[in-house]
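>>> Sequence plus the predicted model coming up.
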Amino acid sequence: KILTTVSSGPFSNKHVWLPGVNDPTPEYICLSSRFYPFFCNAIGATDGTHINCNPSAEDWHAARNRK
């Protein structure tokens, strides 16, 4: 339910920006020995995103905070 809400409709149109297919990997990733080995061909990421939700008691287990 959460993925559908975040990836469609008004929320996605307002808050989600997807890079273009031909957009290069940002310099701060390419020039970093810390990031480059893992993200050398990355076109985007959602890391660090935290979405608050208030699930029903029966759906709580699927929406617990995870890393």
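Received it, and whenever you're ready, just let me know what you need.

>>> Name the residues of the helix or strand bottoming out on mean pLDDT in the chain that are buried.
The helix or strand of the chain with the poorest confidence is helix 2-7; it has a mean of 77 (mean pLDDT, DSSP states H and E). Neighbour-count burial for helix 2-7 flags Val6 (criterion: 16 or more other C-beta atoms under 10 Å). Every C-beta, even on glycine, is put in place using the N, C-alpha and C of the backbone.

>>> What's the first helix or strand after it?
Per DSSP states H and E, helix 2-7 leads on to helix 9-15 as the next helix or strand towards the C-terminus.

>>> Give me the three-state assignment for Asn41.
What DSSP: H, G, I helix; E, B strand; the rest coil gives for Asn41 is coil.

>>> go on, Cys53?
Under three-state DSSP, the three-state class of Cys53 is coil.

>>> ok, and the closest non-adjacent residue to it?
Ala63 (5.3 Å; C-beta to C-beta, 6 or more residues apart in numbering).

>>> ok so, going back, need the residues that contact the least confident helix or strand of the chain.
Under the criterion C-beta atoms under 8 Å, 6 or more residues apart in numbering, residues Phe11, Ser12, Val16, Ile51, Cys53, Ala63 lie in contact with helix 2-7.

>>> Could you export these as CSV, including distance to Ile29 and pLDDT?
Compiled in CSV, the contacts of helix 2-7 are given as follows (distance: C-beta to C-beta, whole Å; pLDDT from 0 to 100):
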residue, distance to Ile29, pLDDT
Phe11, 26, 80
Ser12, 24, 78
Val16, 20, 76
Ile51, 24, 66
Cys53, 30, 72
Ala63, 31, 72
